[in-house]
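Colleague: pasting the sequence and the predicted model now:
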Amino acid sequence: MADVGFADLIELYRHITFNGDGGGVLRVANDNIAGILRAIDADERLYDLTQISLVDAHPLNVGDDVSINVRAPSYRLGLLARNFDALFAAPHASFEEPSAYYVIDPGYARGDDPVPAPLARYRAMLVVVSLLREAASYVSELQRELVFLGEEQVVVPITFVASDLPASLEGQASRLNAIFEGATHRDEKTRLLADAVTEVVRAQRQSERFVYLIANLGLLCEKVEKGYRLFVSSFSYSKIKKEIETARLDYVGKIHKTIVDVQGQLLGIPVATIVVATQLKKPDACDVAFWTNTAVLLGAWIFIGLLWVAVRNQLHTLDTIGLEMEAQRTRLNREEAALRDEFVGMYDDLDKRVRWHRTALKVVSGAALVGAALSTLAYLMLTPRGSAACILGL
């Protein structure tokens, strides 16, 4: 039997005009092509291997156009694919590039230059799949599936077509591969990758998970990078989150306490107002009504003074809380910048609470001051002229 390899078949394929129905017209461009065809036509075993046959007997002269039947050759020789989608659907092609193949459209054989864009993206995808395979709990090449086990089982079928591979795939695949360069902490990195894959694709339909993962490869890289930065810094996301949540509750308690601590005085404002309003009477010179009005007014202003001191202390407390929060926010931005976006909303909420409480305390103080001023005005209107002599005559 003559020796016919896949390289010989590629030479034939390059000179065939395929008709899409399992055949085509071959241009006998040189003696080598004519010799290959004669060898196949004369040997049944070569036909079984190459799956190429002449439609009609032909002398096979150089320059002739010959009608032939063409089917996929034996898999141990190589792969003949109609297009890149057919190539990617070949057995094991989800995990490694076939060693020898020819793609009819666009007429590409492995090793040709330049490399078509779909193939370049496919090769980048294989880099990603290689890392995913390392991180997976179980791999089924026959079913083309990656299985990740954790709190739940997540199955990721490796199914795709050329149009599912985005233009950004090559850059993101290089980014993910860079994370795994070197042997340092490789087990930890694969664990982080497995957790990230599970988190990203869990909510997707099983049949769409791989395509979704490839389309969101940048998000996957971000999660792995973030997790690894925390690991290197000897922190865990859960630990940092717990610390910040504990600090948040502590701040909320301190902020609310600024109102609670002066709640008695605040409740005393309407009471004092009622007392002043009901106790003031029109006096006659230096009688008992005059001294009663004076005592009531003096008590009102003493209450206002004590309230001002209490509110002033609480405003200082709010300023101190604000400085503490700003210091913690700065430390978070400096030491755990990767988590800043996840907790910035919490600090914004605390800032709003501080501003609200500061405004409330100022409004209450202003209301109390207005009440005292009105009480003073009422006192002056009720008190006859010359009554000041009563006080001077004590």
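Modeller: Arrived safely, thanks for sending.
Colleague: looking at it, P166 is touching L213, isn't it?
Modeller: No - using C-beta atoms under 8 Å, P166 is not in contact with L213; the gap is 11.5 Å. (C-beta placed from N, C-alpha, C; glycine too.)
Colleague: in the chain, where is pLDDT below threshold?
Modeller: By pLDDT under 70, the weakly predicted segments of the chain are 1-2, 233-239, 259-285, 287-290, 334-344, 379, 382-394.
Colleague: what ranges do the helices span in it?
Modeller: Taking DSSP state H as the criterion, the chain contains helices spanning 6-14, 31-42, 44-50, 84-88, 117-135, 169-179, 186-201, 209-215, 217-232, 237-260, 263-279, 288-335, 340-382, 388-392.
Colleague: E97 is nearest to which of these?
Modeller: E97 lies closest to helix 117-135 among the helices of the chain, at 6.3 Å (C-beta to C-beta).
Colleague: just the residues contacting that closest one, thanks.
Modeller: Outside of helix 117-135, the residues within contact range by C-beta atoms under 8 Å, 6 or more residues apart in numbering are 84, 88, 94-97, 108, 115, 139, 146, 148, 156, 158, 160, 162, 165-167, 169-170, 173-174, 176-177, 180, 190-191, 193-194, 197, 214, 217.
Colleague: repeat for stretch 30-40
Modeller: For stretch 30-40, the surrounding residues in contact (C-beta under 8 Å, 6+ apart) are 2, 4, 8, 11-12, 15, 26, 28, 46-47, 50, 52-54, 60-62, 66, 68.
Colleague: ditto for stretch 249-260
Modeller: Where contact means C-beta under 8 Å, 6+ apart, the residues beyond stretch 249-260 that reach it are 266, 314, 317-318, 321, 324-325, 350, 353-354, 357, 360-361.
Colleague: at 10 Å what do you get?
Modeller: When contacts are taken as C-beta atoms under 10 Å, 6 or more residues apart in numbering, the neighbours of stretch 249-260 outside the stretch itself are 263, 266, 310-311, 313-318, 320-322, 324-325, 328, 346-347, 349-350, 353-354, 356-358, 360-361, 364.
Colleague: now stretch 76-92: buried residues?
Modeller: Across stretch 76-92, burial judged by 16 or more other C-beta atoms under 10 Å covers 77-81, 84-88.
Colleague: then stretch 26-35?
Modeller: 26-28, 33-34.
Colleague: mind listing what the most centrally placed residue in the chain touches?
Modeller: Per C-alpha atoms, centre = their mean, the C-alpha nearest to the average position across the chain is that of L219, at 5.1 Å. Contacts here follow C-beta under 10 Å, 6+ apart; on that basis L219 touches 172, 196, 199-200, 213.
Colleague: rerun at 8 Å
Modeller: Applying C-beta under 8 Å, 6+ apart as the definition, the contact partners of L219 turn out to be V200.
Colleague: quick one: it and V200, what's the gap?
Modeller: 6 Å (C-beta to C-beta, to the nearest Å).
Colleague: repeat that for R331.
Modeller: For R331, the distance to V200 (C-beta to C-beta) stands at 30 Å.
Colleague: hmm, back to that, got a markdown table for the helices of the chain, with distance to A72 too?
Modeller: Converted to a markdown table, the helices of the chain look like this (distance: least, C-beta to C-beta, whole Å):
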| stretch | distance to A72 |
| --- | --- |
| helix 6-14 | 11 |
| helix 31-42 | 15 |
| helix 44-50 | 10 |
| helix 84-88 | 10 |
| helix 117-135 | 19 |
| helix 169-179 | 28 |
| helix 186-201 | 33 |
| helix 209-215 | 26 |
| helix 217-232 | 32 |
| helix 237-260 | 50 |
| helix 263-279 | 85 |
| helix 288-335 | 59 |
| helix 340-382 | 52 |
| helix 388-392 | 117 |
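Colleague: about what we covered before: more neighbours, P166 and L213?
Modeller: L213 (21 against 15; other C-beta atoms under 10 Å).
Colleague: run through the bridge partners of the nearest residue to Q143 once chain neighbours are set aside.
Modeller: Nearest residue to Q143 in three dimensions, chain neighbours excluded: P157, at 7.5 Å (C-beta to C-beta, 6 or more residues apart in numbering). On the basis of DSSP bridges, P157 takes part in beta bridges with E145.
Colleague: P157 touches Q206, doesn't it?
Modeller: Yes - taking C-beta under 8 Å as the definition, P157 is a contact partner of Q206 at 6.5 Å.
Colleague: more neighbours: these two, which one.
Modeller: Set side by side, P157 and Q206 show more neighbours around P157, with 17 against 13, by other C-beta under 10 Å.
Colleague: contacting residues around the more buried one?
Modeller: By C-beta under 8 Å, 6+ apart, the contact set of P157 is 143-145, 206-207, 209-210.
Colleague: to V103, which of the helices of the chain lies closest?
Modeller: Taking C-beta to C-beta as the criterion, helix 84-88 is the member of these that comes nearest to V103, at 5.6 Å.
Colleague: per-domain residue ranges of the chain.
Modeller: Taking automatic domain parsing as the domain assignment, the ranges for the chain are 6-109, 117-232, 237-392.
Colleague: follow-up on the earlier one: can you put the buried residues of stretch 76-92 in a markdown table and add distance to Y228?
Modeller: What follows is these, written out as a markdown table (distance: C-beta to C-beta, whole Å):
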| residue | distance to Y228 |
| --- | --- |
| L77 | 44 |
| G78 | 41 |
| L79 | 38 |
| L80 | 43 |
| A81 | 38 |
| F84 | 34 |
| D85 | 35 |
| A86 | 38 |
| L87 | 35 |
| F88 | 31 |
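Colleague: and the two most separated of those residues?
Modeller: When the buried residues of stretch 76-92 are compared pair by pair using C-beta to C-beta, the two farthest from each other are L77 and D85, 21.4 Å apart.
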